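Q: sequence first, predicted coordinates after that:
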Amino acid sequence: MLESFEVEIKVPIESSEEMKQKLLDFGASQLNSEVQVDMYFDHPCRSFQETDEAVRVRTRKPLDEAELELSHAPIELTYKGPKIDLKTKTRLEYSVNINDATAITAILEHLGFKSVATVSKKRTFFNLREITISIDDVEHVGLFLEMESIAHEKSEIESAKRIIFDLLDELGIDQEQSVRASYLELYLDRNKR
């Protein structure tokens, strides 16, 4: 089985409209906009919070019924491994498209997995220099710019990071503003208070 690594950074932003215009000015292509609802589960025998792993069931719905990104199924099951980089949110990732969120949720629960949280976000996608970029409005968390590239081998990770950080610099965004925590971690942190 081929491994694939999600090389990702995210930074908090103040205005989605200003960032959208900046991306378009840099030549980004705007793709689709959708609502993503992510249900996260914890393992029955270990704490994913402690091991820095995640199991997620994601459902997608276009914000505009006329648009649907054909490359993404409306429902997917994803496993994310621990972060392997100190500056980015790079991690091993496996995803499989499914067609029944209720059934996969029932299967996970019958296997002993426990629902941890549900995180919802409105996400607008852009593509620039083979980087997938999104402006994310995450409910109860905040507004973020996320940049992602997929490395199909460990040897490609550094190159993917460099391309993303170069683009960040060109956009005038300080790399030190990047957040390594996942949306789930941010959600749990902000909603435990």
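A: Nice, I can see it. Numbering: from 1, shown residues only.

Q: identify the residues contacting the residue sitting furthest away from the middle of the chain.
A: Distance from the C-alpha centroid of the chain peaks at His110, with 26.5 Å (Cα atoms, centre = their mean). Contacts here follow Cβ atoms under 8 Å, 6 or more residues apart in numbering; on that basis His110 touches nothing. Backbone N, C-alpha and C define where each C-beta goes, glycine included.

Q: ramachandran coordinates for Arg129?
A: Here is the backbone geometry of Arg129 (degrees, to the nearest 10): phi 50, psi 40.

Q: count the residues that sit near it.
A: By the criterion of other Cβ atoms under 10 Å, Arg129 has 15 neighbours.

Q: from what I can see it touches Ile163, true?
A: Yes: in terms of Cβ atoms under 8 Å, Arg129 counts as a neighbour of Ile163; the distance is 6.6 Å.

Q: for this structure, which spans come out with low pLDDT?
A: For the chain, the stretches flagged by pLDDT under 70 are 1-2, 65-73, 193.

Q: what about the strands in it?
A: 5-12, 29-42, 54-62, 75-83, 91-97, 114-128, 131-138, 142-151 (DSSP state E).

Q: quick one: which of those strands is nearest Arg190?
A: strand 142-151 (8.3 Å; Cβ to Cβ).

Q: who touches the closest one?
A: So strand 142-151 is contacted by 4-16, 19, 90, 130-138, 157, 159-160, 163-164, 167-168, 173, 179, 186 (Cβ under 8 Å, 6+ apart).

Q: list the buried residues of it.
A: Gly142, Leu143, Phe144, Leu145, Glu146, Met147, Glu148, Ser149, Ala151 (16 or more other Cβ atoms under 10 Å).

Q: partner strands of it, with direction?
A: strand 5-12 (antiparallel), strand 131-138 (antiparallel) (DSSP bridges).

Q: need the CA coordinates for that strand. PDB is fine.
A: Taking C-alpha atoms only, strand 142-151 is exported to PDB below (Å, rounded to 0.1, in the frame of the first residue of the first chain):
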ATOM      1  CA  GLY A 142     -12.300  30.800  14.000                       C
ATOM      2  CA  LEU A 143     -11.200  31.900  10.600                       C
ATOM      3  CA  PHE A 144      -8.100  30.300   9.000                       C
ATOM      4  CA  LEU A 145      -6.100  30.000   5.800                       C
ATOM      5  CA  GLU A 146      -4.900  26.400   5.200                       C
ATOM      6  CA  MET A 147      -2.400  25.300   2.600                       C
ATOM      7  CA  GLU A 148      -1.900  21.600   1.800                       C
ATOM      8  CA  SER A 149       0.200  19.500  -0.500                       C
ATOM      9  CA  ILE A 150       0.400  15.700  -0.700                       C
ATOM     10  CA  ALA A 151       3.700  13.900  -0.600                       C
END
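
Q: so how far is it from its chain's centroid?
A: In terms of Cα atoms, centre = their mean, to the nearest Å, the centre of strand 142-151 is set 6 Å apart from its chain centre.
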